[in-house]
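>>> take this sequence and fold it.
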Amino acid sequence: MDIFGLLILGLGLFFLGMRLVGENLRRMTGPSFRSLMARTTGSPVEAGVLGLVFGALMQSATAVTFILVSMVSSGLVAKRAALRVIAWTNVGLTALAFIVTLNIHPIVAYLVGLSAVGASLLRKPTQRAFAGVLLGIGLIFFGLETMGGSARPLVETPWFRDLLHQTVDSPAVAFLVGIAVAAVLQSNTASTMLIITLADAGAFHLDSALMLIYGTNLGAIVLRLLLAAELRGTSLQLVRFEDLFCLVGGAIMVALFYTETLLGVPLVRAAITWISPDLKTQLALAFLLSNLLPAVAISMFQGRCQALLAWFWPATEEEEEARPKFIKPQALADPDTAMDLLQREIARLLRGVRGLLTDTGPVKGATMHVEALGQLAESIDGFAMQLAAQAPEPATAHRLNLLREEFALVRYLKETTHQLCQTLIALEQHPAAQPAVGRLLGTVTQLLDQAVRAMSVLVPKAVDALRQDAKYRSTLVVSVQEYCWDQRESLDPPCRAALMQAVDDVRMIAGFLHHLAKLLADVAAQPTNDSSGIGLAHLGLTAGQAADKEKG
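Predicted structure coming up:
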């Protein structure tokens with residue numbers, strides 16, 4: 001087989017090995033990563049260690065970043081902890097580059113053969129995935145050895161030497177070539193391993209190989225630009241943080257390279273040549289430093305980086321809606337204060353439900369708002385469960401049970417109001433139904449406004465007004481129902497069915513609010529933590545003042 005055939009064969013085996021390693025490691029470690037991250041306390045050291053471990057195991061900072069995007073979006077992980085994990089993941093993924101420096105040529109054939117048999121015969125998913133990882137590593141080594149063996153005679157040809165001299169002999173060009181290679185391969189680790197192999201075959205001298213490796217850290221930015229095209233707010237901040245990490249790493253390493261080259265100050269090149277005389281080990285160390293130095297630098301200034309990212313890509317309205325404002329883990333230490341805060345968060349959830357409807361119809365993007373409210377509800381539920389797990393005193397437990405019932409009713413209201421939004425959107429296609437739709441909207445928004453007021457101030461007058469207006473045979477409910485029944489005869493069948501569905505939705509919302517009013521009467525009768533200064537009823541705030549206070 002000719003030189004180019006061997007190069008292509010080696011490259012193909014290398015790519016196949018990288019894919020097998022990546023897929024099987026993610027299959028083995030993905031659930032573990034999510035579980036560990038969900039249980040982390042947010043300690044900087046803990047987050048950094050997790051990043052190192054899972055960077056080494058998953059071998060893809062981009063994959064870890066997008067897993068964290070989903071976890072932060074669902075409220076399982078704090079953004080600050082996620083950023084630190086991302087930074088140190090880049091350090092962990094350099095582990096594979098050091099494996100290339102090992103001399104395991106005698107066992108590559110055994111590794112490939114036995115792991116391939118294992119991947120075919122083993123039945124347990126974890127065992128099969130582990131065999132797939134070993135097979136991938138074996139193919140990586142086999143591919144690199146094949147490319148290295150074919151590259152040596154190619155390097156000796158005059159035309160190839162001239163090509164290298166005109167391109168990568170220039171540090172600046174080598175840096176750009178490194179970016180391009182990583183963009184094509186979609187992995188800076190894979191690119192670095194190729195560079196180490198070709199440098200060992202004589203294709204690049206040390207300075208060129210260093211600049212090629214420094215450039216690879218920036219290559220994956222292109223892939224993330226495509227993957228993050230639909231992301232907004234905090235999710236986009238996480239992806240841009242990884243891009244910032246790569247840019248900072250590239251800037252630091254290039255600055256150190258030219259300082260050492262032009263001024264003769266012993267820095268990276270001096271350090272790696274002092275540590276090891278082996279070229280492959282030197283380049284692996286340089287790759288480690290190109291990720292370790294920016295990780296240390298960014299960790300020291302993470303707060304400022306976080307503020308900068310939030311300024312460029314601020315959190316969306318839905319994210320703010322989904323994030324708890326009052327309930328905090330620290331409050332669990334004082335059950336009375338915790339329940340005061342829980343009451344305020346439930347009231348905030350109810351205001352979010354009211355915000356799904358405007359005077360003219362459903363709010364724009366109602367489904368996204370419902371999803372955000374669903375995330376907030378999950379946080380409230382988790383906080384209430386933690387509070388209940390503390391085995392509170394009987395009186396405290398009774399109040400907590402009332403609050404959980406109140407919360408359950410608000411969740412039902414959220415789902416029913418969303419259903420009403422969908423029905424009203426369908427009715428927008430029928431102009432003849434708009435007068436009836438206007439009456440329904442007026443009724444349901446009035447009831448929800450009363451509920452928000454009653455829950456915010458918890459005074460008997462507001463609660464009793466809601467109970468009277470929301471009961472099954474109240475004048476407000478009956479009048480709108482009779483009006484819609486009178487109007488239905490003039491509508492075509494599809495429009496009539498949608499209108500009757502909207503009437504049922506409004507009646508259901510009224511029923512939930514009537515039950516909520518009776519429950520609020522019991523909640524208002526419970527003692528609150530006066531010393532906390534949180535209970536709105538004890539402060540004498542109106543609903544409007546309470547809302548203004550929260551905005552402030």
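
>>> so who does the residue positioned nearest the centre of the chain touch?
Nearest to the geometric centre of the chain sits Val69, at 1.5 Å (Cα atoms, centre = their mean). For Val69, the contacting residues are Leu231, Ser235, Leu238, Val239, by Cβ atoms under 8 Å, 6 or more residues apart in numbering. To be clear about C-beta, it is placed using only N, CA and C from the backbone, and glycine gets the same treatment.

>>> quick check: the farthest pair among those residues?
Spanning the widest gap among the contacts of Val69 are Leu231 and Leu238, at 8.5 Å by Cβ to Cβ.

>>> the more surrounded of these two?
Counted by other Cβ atoms under 10 Å, Leu231 and Leu238 do not tie: Leu238 has more neighbours, with 25 against 18.

>>> any idea which element that one lies in?
helix 233-263 (DSSP states H and E).

>>> counting neighbours, what do you get for Gly438?
Neighbourhood size, Gly438 [other Cβ under 10 Å]: 13.

>>> give me the buried positions along stretch 224-233.
Arg224, Ala228, Leu231, Gly233 (16 or more other Cβ atoms under 10 Å).

>>> next, format these as CSV and append pLDDT, distance to Pro431 and secondary structure.
Output for these, formatted as CSV (pLDDT from 0 to 100; distance: Cβ to Cβ, whole Å; DSSP: H, G, I helix; E, B strand; the rest coil):
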residue, pLDDT, distance to Pro431, secondary structure
Arg224, 82, 47, helix
Ala228, 80, 41, coil
Leu231, 81, 38, coil
Gly233, 85, 37, helix
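
>>> for those, which one is nearest Met339?
Gly233 (30.9 Å).

>>> and for the residue lying closest to the closest one once chain neighbours are set aside, the neighbour number?
Spatial nearest neighbour of Gly233, excluding adjacent residues (Cβ to Cβ, 6 or more residues apart in numbering): Thr316 at 3.9 Å. Neighbour count of Thr316, defined by other Cβ under 10 Å: 16.

>>> again with Gln282
Residues lying near Gln282 (other Cβ under 10 Å) number 24.

>>> if I look at it, how far off is Ala271?
Plainly put, Gln282 is 9 Å away from Ala271 if you go by Cβ to Cβ, to the nearest Å.

>>> ok, Ser208 next?
Ser208 is 18 Å from Ala271, where distance means Cβ to Cβ.

>>> counting neighbours around each, name which of these two comes out higher.
Set Ser208 next to Ala271 and count neighbours by other Cβ under 10 Å: Ser208 wins out with 23 against 14.

>>> please identify the helix or strand for the more buried one.
Taking DSSP H and E as the criterion, Ser208 maps to helix 206-219.

>>> list the buried residues for that helix?
Within helix 206-219, the residues scored as buried using 16+ other Cβ under 10 Å are 207-219.

>>> now, among the buried residues of stretch 224-233, which is nearest to Met300?
Of all the buried residues of stretch 224-233, Met300 sits closest to Arg224, with 23.8 Å by Cβ to Cβ.

>>> tell me which residues of the next helix or strand after the helix holding Leu238 come out buried.
Where DSSP H and E defines the elements, the next helix or strand beyond helix 233-263 is helix 268-275. For helix 268-275, burial by neighbour count (16+ other Cβ under 10 Å) applies to Val268, Arg269, Ile272.

>>> again, but for stretch 359-376
For stretch 359-376, burial by neighbour count (16+ other Cβ under 10 Å) applies to Gly361, Pro362, Ala366, His369, Val370, Glu371, Ala372, Leu373, Gly374, Gln375, Leu376.

>>> let's see which of those end up in helices.
Among the buried residues of stretch 359-376, the residues falling in helices (DSSP state H) are Ala366, His369, Val370, Glu371, Ala372, Leu373, Gly374, Gln375, Leu376.

>>> the helix or strand where Thr417 lies - what's its average pLDDT?
Thr417 is part of helix 394-427, with elements assigned from DSSP H and E. For helix 394-427, mean pLDDT is 91.

>>> packing partners for it?
helix 335-354, strand 357-358, strand 361-362, helix 366-388, helix 434-457, helix 493-524 (3 or more Cβ pairs under 8 Å, 6 or more residues apart in numbering; DSSP states H and E).
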